[in-house]
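Enquirer: Pasting the sequence and the predicted model now:
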Amino acid sequence: MSVEIWTIFIVGLTFALYIYIGWRSRVRDSAGFYVAGQGVPAIANGAATAADWMSAASFISMAGLISVLGYDGSIYLMGWTGGYVLLALLLAPYLRKFGKYTVPDFVGDRYYSNTARLVAVVAALFVSLTYVAGQMRGVGIVFSRFLQVDISTGVIIGMVIVAFFSVLGGMKGITWTQVAQYCILITAFLIPAGAIAFLLTGNPIPQLAFTFSDIVPKLNQLQVDLGFKEYTQPFANKSMLDVLFITIALMVGTAGLPHVIVRFYTVPDVRSARYSAGWALLFIALLYTSAPALATFARYNLINTLHDRPIEQVRQLDWVNKWEKTKLLTLDDKNNDGRVELTADKATSEITIDPDIIVLSTPEVAKLAPWVIALVAAGGLAAALSTASGLLLVISSAIAHDVYYRILRPDASESQQVFVGRVMVGFGVALAGYFGINPPGFVAQVVAFAFGLAASSFFPIIVLGIFDKRTNREGAIAGMITGLVFTLFYIIGVKFGGMQPWFFGVSAEGIGTLGMIINFIVTLVVSRLTPPPPPEIQEMVEYLRAPDGERPVEAVH
């Protein structure tokens, strides 16, 4: 069977599974809709958290960026993995002990202010909408290549599927769908990684093949021959300061991501939150330790397959022909010598490859079986849809729970809360689809902006909310607004306004680190210049940090 037939079969099978789980998990109460009734086992929550966190950026784009950037691409590995450890150890158990539904819930009650809650809602919407745009672009790319439809149509198909199980099942449906999606995405990543490792090195374990074979020295020499810096040379594409700032922004941004934090509210108790964090780290490590190997194999194979080959011969390759139609791969014989050349100078290079297609095309370049290629497509969709569903629930809960129920209609019934939540999921899907069709960058770039916004808005407020009794509502509000506005201004100015990166050359992806520092300073200074929090709030903070006791803190109004 052709790749397209296999893709329709495997993707259709996985989509049917997601729809079945969504139907079986449909809920009618707000606890089930927002936190899955707080009854998810630790290992299942670990798998769901891993799927939620390993988005299209991790599956589709990260290895592609490492493949293009070499050593400098490791910022994504270090930042995202380190950030998850930071979240699991520093924040998750305390937030679970707090016992609410959302991050704005924590902010509103800890800082005894509906204004703080509203600012947190706005921040959550900015972060989630930016993040979900990357997922929808990933969905569109997969469909455009493997089902031969345009990217816009692919995005709409993905919107319909994710809306179905998100609207019906809420967090309960999303959780169990994400467990299935994790199994699919990790299988789809490891099988081709192992197969290509074996073909290139004779060792089927990607991590060992990468470490103990001669593939990296060979690639370094290839790169130098083509005019590039060595693949493993540090700071070849980015300055040391920019690498540092992007890594920190990704790290603290991860620890402030509302759609990941809410996963720790779905388990029965604090002990389960800690165990699920450990399981998730193990599940994440399977992909993240394989990604540098796959990136290296992909770069090596692409250079050997495309460089200095007759252009007509290259265009006869089925995968080249089909990726060219998506306009994400272009061949241009600029010197009219009938051969295509990959060079370090973009002005003379005759091959242009979008980093987002590298992982998806690698099994085809390596001439793996059609069913493996189709499995990778299904894995990319699973990664994108699992994260998109978690983000849509954050968008839904931010408006339906934190604004509608907590501020506008405290007397709203369970059915009214769930109805508004479902309407907001639909609204979020429509917005996500728009940004997926009109994306502001590569998948990993778009996602990096979301991490920067989370770093500059949520991380300082959550950390100080847990560990500093003196931080008050005035400080929290001032810090969140200052950090978020500064980071948004810099990102929009640099990416869309023609502004040069004026802070020592730090890119838009890394400026969230400075936004976070500004937030910390403003929050601490304003808190010390204004009255301390009420005694009951300070007692609540003491309780959160106490090692004993599982009862949730009562809401403070």
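Expert: That came through, no problem.

Enquirer: Now do the strands in the stretch 251-400 of the chain.
Expert: For the stretch 251-400 of the chain, applying DSSP state E, counting those that start in this stretch gives strands covering 309-310, 329-331, 339-340, 351-353.

Enquirer: how close does residue 19 get to residue 503?
Expert: Computed with C-beta to C-beta, to the nearest Å, the distance linking residue 19 and residue 503 is 47 Å. From N, CA and C alone the C-beta is placed, and that goes for glycine too.

Enquirer: Please disregard the earlier target; I meant residue 328.
Expert: 32 Å.

Enquirer: Which one's more surrounded, the two?
Expert: residue 328 (20 against 15; other C-beta atoms under 10 Å).

Enquirer: What sits closest to that one if chain neighbours are left out?
Expert: residue 354 (3.9 Å; C-beta to C-beta, 6 or more residues apart in numbering).

Enquirer: measure that neighbour to residue 366 for me?
Expert: For residue 354 relative to residue 366 (C-beta to C-beta), the value is 19 Å.

Enquirer: Can you give me the pLDDT of the residue in the chain sticking out farthest from the centre?
Expert: Using C-alpha atoms, centre = their mean, the residue of the chain lying farthest from its centre is residue 337. It sits 42.3 Å away. pLDDT recorded at residue 337 is 87.

Enquirer: Count the neighbours of residue 65 for me.
Expert: Under the criterion other C-beta under 10 Å, the count of neighbours that residue 65 has is 26.

Enquirer: One more: residue 61?
Expert: 31.

Enquirer: Residue 19 now?
Expert: 16.

Enquirer: What of residue 536?
Expert: 10.

Enquirer: How about the one 10 residues further on?
Expert: Neighbourhood size, residue 546 [other C-beta under 10 Å]: 9.

Enquirer: contacting residues around it?
Expert: Not one residue lies near residue 546 by C-beta atoms under 8 Å, 6 or more residues apart in numbering.

Enquirer: ok, 10 Å please
Expert: Residue 546 makes contact with residue 97 under the criterion C-beta atoms under 10 Å, 6 or more residues apart in numbering.

Enquirer: Same check on residue 313?
Expert: 320, 338-340.

Enquirer: of those residues, closest to residue 94?
Expert: residue 320 (51.6 Å; C-beta to C-beta).

Enquirer: Excluding chain neighbours, give the residue nearest to the closest one in space.
Expert: residue 314 (5.7 Å).

Enquirer: contacting residues for that neighbour?
Expert: Residue 314 neighbours (C-beta under 10 Å, 6+ apart): 305-307, 320-321, 324, 331, 339-340, 351.

Enquirer: So among those, which ones count as buried?
Expert: Buried members of these, counted by 16 or more other C-beta atoms under 10 Å: 305-307, 320, 331, 339-340, 351.

Enquirer: right, and the pair among those with maximum separation?
Expert: 320 and 339 (14.3 Å).

Enquirer: Just after the helix or strand bottoming out on mean pLDDT in the chain, pick out the following helix or strand.
Expert: Lowest on mean pLDDT, DSSP states H and E among the helices and strands of the chain sits helix 30-35, with a mean of 64. Downstream of helix 30-35, the next assigned helix or strand under DSSP states H and E is helix 42-53.

Enquirer: now that following helix, how far from the chain's geometric center?
Expert: 14 Å (C-alpha atoms, centre = their mean, to the nearest Å).

Enquirer: Could you list the buried residues of that helix?
Expert: 42-53.

Enquirer: Next: stretch 307-317.
Expert: 307, 309, 311, 314, 317.

Enquirer: Who is the second one paired with across the strands?
Expert: Partner residues in beta bridges with residue 309, using DSSP bridges, are residue 340.

Enquirer: my guess is it contacts residue 340, does it?
Expert: Yes - look at residue 309 against residue 340 with C-beta atoms under 10 Å: they come within range, at 6.1 Å.

Enquirer: joint contacts of those two?
Expert: 315, 331, 351.

Enquirer: could you dump the residues you listed to JSON lines with pLDDT?
Expert: Below are these laid out as JSON lines (pLDDT from 0 to 100):
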{"residue": "315", "pLDDT": "87"}
{"residue": "331", "pLDDT": "88"}
{"residue": "351", "pLDDT": "87"}
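
Enquirer: Dump the residues you listed into TSV; add distance to residue 279 as well.
Expert: Below are the shared contacts of residue 309 and residue 340 laid out as TSV (distance: C-beta to C-beta, whole Å):
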residue	distance to residue 279
315	46
331	45
351	42
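
Enquirer: between those, which is nearest residue 209?
Expert: residue 351 (25.7 Å).

Enquirer: Now the closest one. Nearest residue, chain neighbours left out?
Expert: Residue 351 sits nearest to residue 342 (C-beta to C-beta, 6+ apart), 4.6 Å away.

Enquirer: Can you report how many residues neighbour the one you found?
Expert: 19.

Enquirer: Looks like it contacts residue 228 (just checking).
Expert: Yes - Residue 342 is within contact range of residue 228, at 8.9 Å (criterion: C-beta under 10 Å).

Enquirer: Quick check: neighbours shared by the two?
Expert: 222, 303.
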